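# Just need the structure, nothing else, for what follows:
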Amino acid sequence: MVINALRQAHLRLIDESPVEITFKRPVREEDGAGGYIERDPEEIGPVRVRIVPQSTASARHVEAGEVFKRQWLIFAPYDADIRRKDRLAYEDTELEITRVIKRWYRGEVYAVQCEAEEVS
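Predicted coordinates for the structure are as follows:
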C-alpha cells in the first residue's frame, strides 16, 4: 500500500537524527468577563521528531532595530498531536510552532511537518 510506504519513508527520515521532545501547549480558560486566564501548560509527548535549521531567519523591526530569529523545520510522525503555538525546548533555546503542515495522500495523512521559530 502506498500510504504505508510514505509513512515508513518519513519515519526513516526522522530516524536519521531523532530527538525526543515534549511539547507544552498553552491552556486558556474563559474568565467569565470576556477575557481569558492562562493556566499551566499541558505537556504533550514525548514525541520522536527530527529538527532541522532552516537556511533563513526572520527579521522583525522593533524600536531598537532589526531582530533576527532563527527558524526551524520539525518532522514528526503522521499521528503526532502538534498545534500552532505549542512550545518546546531544543538546544538551550525555546521554540514556538508557527505552522503545522500535514502531508496527505488520497485522503490520509502520512507525515506532519512544522515550522518553528525561537522565542525571545
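
# Am I right that residue 2 is in contact with residue 105?
Yes. Residue 2 lies in contact with residue 105 (CB atoms under 8 Å); the separation is 6.4 Å. C-beta here means a position set from N, CA and C on the backbone, and glycine is covered the same way.

# neighbour count winner among those two?
Applying other CB atoms under 10 Å to residue 2 and residue 105 shows that residue 105 carries more neighbours, namely 13 against 10.

# In contact with that one, which residues are there?
Residues in contact with residue 105 (CB atoms under 8 Å, 6 or more residues apart in numbering) are 2, 3, 6.

# May I have the secondary structure class of the most centrally placed residue in the chain?
Geometric centre of the chain, nearest residue: residue 97, 4.0 Å, by CA atoms, centre = their mean. Secondary structure, DSSP: H, G, I helix; E, B strand; the rest coil: residue 97 is strand.

# Return the helix or strand in this protein with minimum mean pLDDT.
Lowest by mean pLDDT, DSSP states H and E among the helices and strands of the chain is strand 36-62, with a mean of 83.
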